[in-house]
Every structure is written in structure tokens, then in C-alpha cells.
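> what shape does this take:
(chains A, B, C and D)
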Number of protein chains: 2
Amino acid sequence: MANPFVQKLSGLAELTASDAAAVELATAQPRNYVARQDLIREGDEPGPMFVVLEGWVCRYKVLPSGTRQIMAFLMPGDACDLHIKLLEQMDHSIQAITTATVATVTRDQMQTMMRDHPNVASAMYTAQLVDEGIMRAWIVSMGRRSAPERVAHLICELYLRARNIGLTGEGEFALPLSQSVLADALGMTAVHINRVLKELRLAGAMSVKRGSVTILDATKLVQIAGFDENYLHRRLRRAA
Amino acid sequence: MANPFVQKLSGLAELTASDAAAVELATAQPRNYVARQDLIREGDEPGPMFVVLEGWVCRYKVLPSGTRQIMAFLMPGDACDLHIKLLEQMDHSIQAITTATVATVTRDQMQTMMRDHPNVASAMYTAQLVDEGIMRAWIVSMGRRSAPERVAHLICELYLRARNIGLTGEGEFALPLSQSVLADALGMTAVHINRVLKELRLAGAMSVKRGSVTILDATKLVQIAGFDENYLHRRLRRAA
DNA sequence: CGGGCATTTGACAACAGTCAAATCACGTGG
DNA sequence: CCACGTGATTTGACTGTTGTCAAATGCCCG
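Down below sits the predicted model:
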């Protein structure tokens, strides 16, 4: 079975066999987490970099009021911040959403790999840039999109990201997120998300059921979302 | 007059005189922009890295509906993404809010400087991490804070960032943002922001007037915002 | 002294949250 | 195989927040 991290990085830069082998080696010591288990908590001292190999993971923060905001979803192949160790303590937590397999890469391993394999370093910088673009898109969504637009936009994003790593079927893909997790990601309540999902279903755009989404009408969904895939930077300049 | 970029970086890592001189040299060719002038637009091919020396700048995106969302404020000393050139085209625009002086650093200059001055590289990575933390905090604000909390939180953030670069007075600082710019940053309407500002003024927390904010009661403001300055990572681990 | 933009206010409509209850889906143990 | 318990989803009625539209006022700059 292919290593999704290698797969992702080779989509972002040309990797030689030796580059791929180094990445493979660095992520050879994965650990398993159960759903809802924290990988690291706000206030903890940052440890190794995490690389998701299987399952879904999220970054989140809980406010004094007890509400939770999810700031990012990580799918297989996604990694956490390269230089996180420079900070004194985590300003948010990271949690497994589903059962997940996650590799940890120490800072030393990282530095060695990036020094010896500049292609890998370049791919990781690009991945970082794309992640930042995704954060900015979330800010835009939260600030200026209506609830239905926001839901549609997130589904478009997740669909493309899932497709990029070969996790989609025919107009359908696995979305292991409960409605309250979606609510925490989109800044709304679970009740409201439920109503919006119904609306999108009745509009014939998409339909979610236990663990998967069906895109009923991709054109309509994209139109509702005002989705422009440019921010995911799927066409990069290879010769930078 | 001190170069604010040097000032900022030396707060993030120990810089030798030679490091500082290299940074100074790289930003020695600034350019002036008038208020509302775009430095670069969505869809453009990324050019050099920008470093703000004077004035305020923002990243923003305008949606098909014509509404605008600001995703970040850049103050003197702040820089744009290091590796931006890796992407094919900009997924957002960057604009001067006030009259601004901005240096441009080419990718070659950057690479040379970071190779020859690892302290500078380290400081820039840290700055990048802090910027990401700020983006995450914005996502949290937009998703889970009420309008008054959101306003208070942004003011706390901007106050600390301004203080870090010596731009604050006694419980007061220059905030060259119109209410509609604040609205675009906070995802609300100018009308609503106006009402919220009045509310915060009547509560005795803070008061804005043409171009500056007065913090009337810092404790109250922090309490309203639920502000925890940890995410700005002002105490970093120097020995990473 | 105007002109133009920013701020302020009011009345109303639309959107989203709250609370509570009913229903549904799934795994467990009998 | 079925009854049961738990958590997720769905729905309704109501409340509170925020947006919209329109107009008045204030402020800066020529």
C-alpha cells in the first residue's frame, strides 16, 4: 500500500527514488489513535511533527465558554507545521476524528531529510503554502459566506482534497464527520447544520448520510459555494 | 530610524551585527504606496516577497457578491510568505490601507540571505509560525465569538502587535482603520460594527476615534475578548 | 463654504441560536 | 434474533443577533 505522504509530496515536486525512500523511512514508525484521542493538547510543549497516514485528524481549540472551533482537517498525507518546535507551547490541540494512524518525525530527522533531499524540502514548503491558503479560505468562508454557501464550500474543498489522494468514488466520498463536528468546523450549531444539509439535499446539490457524501449536482454545488479551486494550487510551478 | 524588520527579527532570534546588516541591505530598496493601492492582485503571478517598513497593509479577497474579506493585517516589520513564489498565481490580493513604505526582496536575495544567515532564517520561520497562529485565532474568532468579543479580541491583538514594535502610547495607539475596514476584517457590516463599538464604549472598555483607539479598561477588554496572548508566542524558545 | 466620505441612528427583516422532544441507527447483551 | 441503551439526527416553537435600507449627522479637505 502506497505511503500517502510520499504520494502527496510527489504531487508537489519531482521526487527521485532516493527522496521517496527517505520520506518513507522517516514515517516508518506510525502510531495508532482511537477516535477523539488527542495527539497533543493546547499548552503542551511541541514535540515531533505529525504526519497522518490513515484516518482523519483535526486541529481545534475550545473556548472558555466550552464551545469548540475546528481550524483544520488533516487527511492522509497531511502534516503539521514544519517548524513547530520553535514555539514554546501549543496554542491549540490536535485530535483524531476517526481511528487514525499517524507517524511522528523528530526535528532532527526532519532537518537531516530536508538538508539531504532538497526536493522533499521544496515539496514540504509548498504543502505549507497550500495549507495557509486553506486557512485563508476558511477565514473568508466564516466571514462572508452564508451558512449554505459555507457548507457547500467545505464539501467542495474536502472532495478535491480527498480526490487528490484517491479517496473518492463516483460523485461520492467518505466523510467521517458527524454533524456536530461539521458544526464545530463551520462555526455554527449542530441544529443549524442539520437544517442547512436538508436544504442542500432538497435543492438537489448534495446529500450526506452516515459517513459519506453524495454530490448530486457538482455544478450546482460549486455555484452555491462560489467555489474557485485556485486556492488549493493544484497546478503549481514545478520549476520554481 | 531603526528598520522595523530588523527589530522584529531580532525579537525572534539572536542576530549578529552581520545578520542585521544583511537584513538591512535586503530591504534597502523600498517603494511607496498610497492608501488603497494594491501591491499585488489575486490571479497575478507571485513576485518578490514584501516587507512592510511603514504604514499598514492587508491581505484580502473579494467575493463574487462584491463583499470583501480581509484575512490579515500587516504592520511595520511584517512580511509576506517566504516561499510564495512556488505557487503559480496569487489566491488573494494585498493592499495598502494607509500610505505605506514596502520593501521588496527577490527570491534570490532571500535564498542567499537565508543560506548565509541561519539566524535570520530561523527568525523568519518563527515569524511565519506566529502568523499562522494569528490566522487560526481569526478562524476561532469568526466561528465562535460574538461580535463584541470579536472586536475586543482584534483590538487586543493589534494592541500587542503594535506595542511589540513600539507603536503604542499610554493605553492608546494609532489604529488607522475605518469602521468599514474593521467590518471587512471581522466579517460583519459597517453598521453593526458601529453599534458594537458604541456598546464597548458605554461598557467602559475601549473607545475608538478617527485613527486611534483608547483602551479605557484593559482588564475588562481582555475579559470581554476572552483574550489569551499565548497564540502570539511572545516568549519563544530561543534554543530550539 | 461646499463636497464627499465616514459615522451614527432607527425601523424592520432575515438569519441563526436555544431549548425541548421525537425519531433513528447502531452496537451490546440476553 | 430481539430488546435495550446510547448517541446522532431531525423537527418545532421561540428568542436573540445581525443584516438591510434609508436617512441624518459629523468631519476633513480643498
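
> tally of neighbours for the residue nearest to residue A:124 when sequence neighbours are not counted?
The shortest distance from residue A:124 to any non-neighbouring residue, by CB to CB, 6 or more residues apart in numbering or on different chains, is to residue A:82 (6.1 Å). (Glycine included, C-beta is placed from N, CA and C.) Number of residues near residue A:82 (other CB atoms under 10 Å in any protein chain shown) recorded here: 21.

> do the same with residue A:34
Neighbours around residue A:34, by other CB under 10 Å: 10.

> contact partners for it?
A:96, A:99 (CB atoms under 8 Å, 6 or more residues apart in numbering or on different chains).

> what secondary structure does residue A:158 sit in?
Recorded secondary structure, residue A:158: helix (DSSP: H, G, I helix; E, B strand; the rest coil).

> quick one: it from residue B:227, how far?
31 Å (CB to CB, to the nearest Å).

> which helix runs longest in chain A?
Criterion DSSP state H: the longest helix present in chain A is helix A:118-144.

> thought residue A:222 was touching residue A:149, still the case?
No - between residue A:149 and residue A:222 there is no contact under CB atoms under 8 Å: 11.1 Å.

> name the residues contacting each of the two.
Between them, residue A:149 and residue A:222 share no contacting residue, judged by CB under 8 Å, 6+ apart.

> hey, what's the residue positioned nearest the centre of chain A bridged with?
Closest to where the C-alpha atoms of chain A average out (CA atoms, centre = their mean) is residue A:74, at 2.9 Å. As for beta bridges, residue A:74 partners with residue A:57 under DSSP bridges.

> that one reaches residue A:80, doesn't it?
Yes - using CB under 8 Å, residue A:74 is in contact with residue A:80, at 7.4 Å.

> pLDDT at the residue of chain A most remote from its centre, what is it?
Centroid-distance maximum for chain A: residue A:202 at 28.0 Å, with CA atoms, centre = their mean. Residue A:202 carries a pLDDT value of 96.

> right, and residue A:32 touches residue A:98 too?
No - contact between residue A:32 and residue A:98 fails when scored by CB under 8 Å: they sit 11.2 Å apart.

> who has more neighbours, the two?
residue A:98 (16 against 13).

> now do the more buried one against residue A:37, distance only.
Distance, residue A:98 to residue A:37, by CB to CB: 10 Å.

> and residue A:177, by the same measure?
Between residue A:177 and residue A:37 the computed distance is 16 Å (CB to CB).

> which one's more surrounded, the two?
For residue A:177 versus residue A:37, neighbours defined as other CB under 10 Å are more numerous around residue A:177 (22 against 13).

> what does that one show for phi and psi?
Per-residue torsions, residue A:177: phi -120, psi 130 (degrees, to the nearest 10).

> show me what contacts it?
A:56, A:97, A:185.

> and chain B, which of the residues you listed reach it?
When CB under 8 Å from any CB of the partner chain is applied, no member of these is adjacent to chain B.

> of the residues you listed, closest to residue A:212?
Proximity of the contacts of residue A:177 to residue A:212 was ranked by CB to CB; the top entry is residue A:56 with 12.9 Å.

> tell me the contacts of the closest one?
Taking CB under 8 Å, 6+ apart as the test, what residue A:56 contacts is A:73, A:74, A:75, A:96, A:97, A:98, A:100, A:176, A:177.

> endpoints of stretch A:183-192, how far apart?
8 Å (CA to CA, to the nearest Å).

> and the residue of chain A nearest DNA strand D?
Closest residue of chain A to DNA strand D, CB to the nearest atom of the strand: residue A:179 (3.3 Å).

> how much space between that residue and residue A:168?
Using CB to CB, residue A:179 is found at 21 Å from residue A:168.

> can you check residue A:176 too?
Applying CB to CB, the value for residue A:176 to residue A:168 is 14 Å.

> ok, these two, which is more surrounded?
Between residue A:176 and residue A:168, counted using other CB under 10 Å, the more crowded position is residue A:168 (18 against 14).

> hmm, residue A:158 and the more buried one touching each other?
No - Residue A:168 is beyond contact range of residue A:158, at 9.7 Å (criterion: CB under 8 Å).

> packing partners for the longest helix of chain A?
helix A:4-10, helix A:17-26, strand A:68-74, helix A:107-116, helix A:147-164, strand B:57-62, strand B:68-74, helix B:118-144 (3 or more CB pairs under 8 Å, 6 or more residues apart in numbering or on different chains; DSSP states H and E).

> is it possible to get CSV of those that adds distance to residue A:44 and mean pLDDT?
Converted to CSV, these look like this (distance: least, CB to CB, whole Å; pLDDT from 0 to 100):
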stretch, distance to residue A:44, mean pLDDT
helix A:4-10, 23, 95
helix A:17-26, 22, 96
strand A:68-74, 16, 98
helix A:107-116, 15, 92
helix A:147-164, 27, 96
strand B:57-62, 30, 97
strand B:68-74, 26, 98
helix B:118-144, 15, 95
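
> ok, how many other residues are close to residue A:17?
7.

> cool, and the one 3 residues further on?
Using other CB under 10 Å, residue A:20 has 19 neighbouring residues.

> excluding chain neighbours, give the residue nearest to it in space.
residue A:6 (5.1 Å).

> quick one, what contacts residue A:37?
Here residue A:37 is in contact with A:95, A:96 (CB under 8 Å, 6+ apart).

> hmm, residue A:211 is touching residue A:173, no?
No - at 10.2 Å, residue A:211 and residue A:173 do not qualify as touching, with contact defined as CB under 8 Å.

> more neighbours: the two, which one.
Between residue A:211 and residue A:173, residue A:173 has the larger neighbour count (other CB under 10 Å), namely 19 against 11.

> in contact with that one, which residues?
A:158, A:159, A:162, A:163, A:167, A:212, A:213.

> how does it look with 7 Å?
Contact analysis of residue A:173 by CB atoms under 7 Å, 6 or more residues apart in numbering or on different chains lists A:159, A:162, A:167, A:212, A:213.
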